[in-house]
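A.B. asks: no FASTA, just this:
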């Protein structure tokens, strides 16, 4: 297959930042995706509906500058903090632009300091979410320093996610950016109210990519890349065509100075090729026939939003990825910088 047309996709897990950084990156997503579910881990966190709607307006304004004439719908999320109340849940449920609440275990990733340490402390909020059918999006890692960083996702399933789904059986949960065979098995074992997003980096490379010829800081993300056996489990998940798995790039821009530092930030920027990389992945896995559902349909069905009527066309035509992209007063090193992507968007 040399050309592929699919309904305009949804990025179900995206970081856009704010200010000049937002203006630098939002166009890459808007040109490819009809909608994106935007993460709330700004400083301060996007914790209330008024904050989420104000952030949405900033995204739309930035999009009008960087991708004029492009129709793009940012779908917002609230950051679950110790202060989050059932009233916040009710306001979110009432808004057509807010689609879920995001749980960051405190200290798990970038700007997660405002998160909660234990989901059991938010019982009233979770009960209201379950009653109103508002999804919970989870960064699935424990932060216990005694747990090896490569085991934190599997331990999260045992310690928090499995008990959560048992206590709130009607709560819809998205297990974000899954990376392990244990996560794939857990999602498959649950009913239709449990789903997961999968990133391009976790499908394309394993943890060896962190150390190819030296320390590769631009391959550092959280959850961290895992062993090959886990990458193959994710490939098996997309090959299944199951509606429980869908696209979420977790594209996370950081300037070169903050990535290439003594304590570099976690995050991989992939929005510049946010659908093209998946086409490459699905072709290699011999499942291009599943790409449209994975990219454009499954997340829309799970979140109860419209599938796009407009389409995009991809062509098998390798192109060179720039070595760096403009990013405010810094620059951004994208995934595959200086390399090639096998598919391009026409």
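C.D. replies: Looks like it came in fine. All values derive from a computational prediction rather than experimental measurement.
A.B. asks: what helix or strand does residue 89 sit in?
C.D. replies: Per DSSP states H and E, residue 89 falls inside helix 86-94.
A.B. asks: which residues touch that helix?
C.D. replies: 47-49, 52, 78, 98, 100-101, 124-125, 127-129, 132-134 (CB atoms under 8 Å, 6 or more residues apart in numbering). Glycine gets a C-beta too; all of them are placed from N, C-alpha and C.
A.B. asks: which one of those residues is nearest residue 264?
C.D. replies: residue 47 (26.9 Å; CB to CB).
A.B. asks: so what's the closest one up against?
C.D. replies: 40, 78, 79, 81, 83, 84, 88, 114.
A.B. asks: which residues sit against the single longest helix found in the chain?
C.D. replies: Under DSSP state H, the helix in the chain containing the largest number of residues is helix 49-66. If you take CB under 8 Å, 6+ apart as the criterion, helix 49-66 is touched by 16, 18, 22-24, 26-27, 30, 38, 40, 42, 46, 70, 72, 74, 76-78, 88, 91-92, 95, 97-98.
A.B. asks: mind listing which of these are in strands?
C.D. replies: 38, 74, 76, 77, 78, 98 (DSSP state E).
A.B. asks: in CSV: the residues you listed, plus pLDDT.
C.D. replies: Below are these laid out as CSV (pLDDT from 0 to 100):
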residue, pLDDT
38, 98
74, 98
76, 98
77, 98
78, 98
98, 98
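A.B. asks: tell me how many other residues crowd the residue lying closest to residue 21 once chain neighbours are set aside.
C.D. replies: Spatial nearest neighbour of residue 21, excluding adjacent residues (CB to CB, 6 or more residues apart in numbering): residue 328 at 5.6 Å. Residue 328 sits with 16 neighbouring residues when counted by other CB atoms under 10 Å.
A.B. asks: my guess is residue 328 contacts residue 17, does it?
C.D. replies: No: taking contacts as CB atoms under 8 Å, residue 328 lies outside contact range of residue 17: 9.4 Å.
A.B. asks: give me the common contacts of the two.
C.D. replies: With CB under 8 Å, 6+ apart, residue 328 and residue 17 have no common neighbours.
A.B. asks: where does the prediction get shaky in this protein?
C.D. replies: The chain contains residues with pLDDT under 70 at 111-112.
A.B. asks: tell me where it has strands.
C.D. replies: Under DSSP E, the chain gives strands at 3-7, 10-14, 35-38, 73-79, 98-103, 136-138, 173-175, 194-198, 245-247, 311-320, 325-327, 330-332, 340-345.
A.B. asks: using CSV, lay out those together with mean neighbour count and distance to residue 233.
C.D. replies: Shown next, in CSV, are the strands of the chain (neighbours: other CB atoms under 10 Å; distance: least, CB to CB, whole Å):
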stretch, mean neighbour count, distance to residue 233
strand 3-7, 16, 25
strand 10-14, 28, 19
strand 35-38, 27, 24
strand 73-79, 23, 27
strand 98-103, 25, 23
strand 136-138, 24, 19
strand 173-175, 26, 13
strand 194-198, 25, 10
strand 245-247, 26, 11
strand 311-320, 15, 26
strand 325-327, 18, 32
strand 330-332, 19, 30
strand 340-345, 17, 23
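A.B. asks: would you turn these into a markdown table with distance to residue 209?
C.D. replies: Output for the strands of the chain, formatted as a markdown table (distance: least, CB to CB, whole Å):
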| stretch | distance to residue 209 |
| --- | --- |
| strand 3-7 | 26 |
| strand 10-14 | 20 |
| strand 35-38 | 25 |
| strand 73-79 | 29 |
| strand 98-103 | 27 |
| strand 136-138 | 25 |
| strand 173-175 | 23 |
| strand 194-198 | 16 |
| strand 245-247 | 20 |
| strand 311-320 | 19 |
| strand 325-327 | 20 |
| strand 330-332 | 19 |
| strand 340-345 | 16 |
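A.B. asks: which of the ones you listed sits closest to residue 268?
C.D. replies: Set against residue 268 and scored by CB to CB, the strands of the chain come closest in strand 330-332, at 10.8 Å.
A.B. asks: and residue 212, how many neighbours?
C.D. replies: 10.
A.B. asks: no, scratch that, I was asking about residue 286
C.D. replies: Neighbours around residue 286, by other CB under 10 Å: 9.
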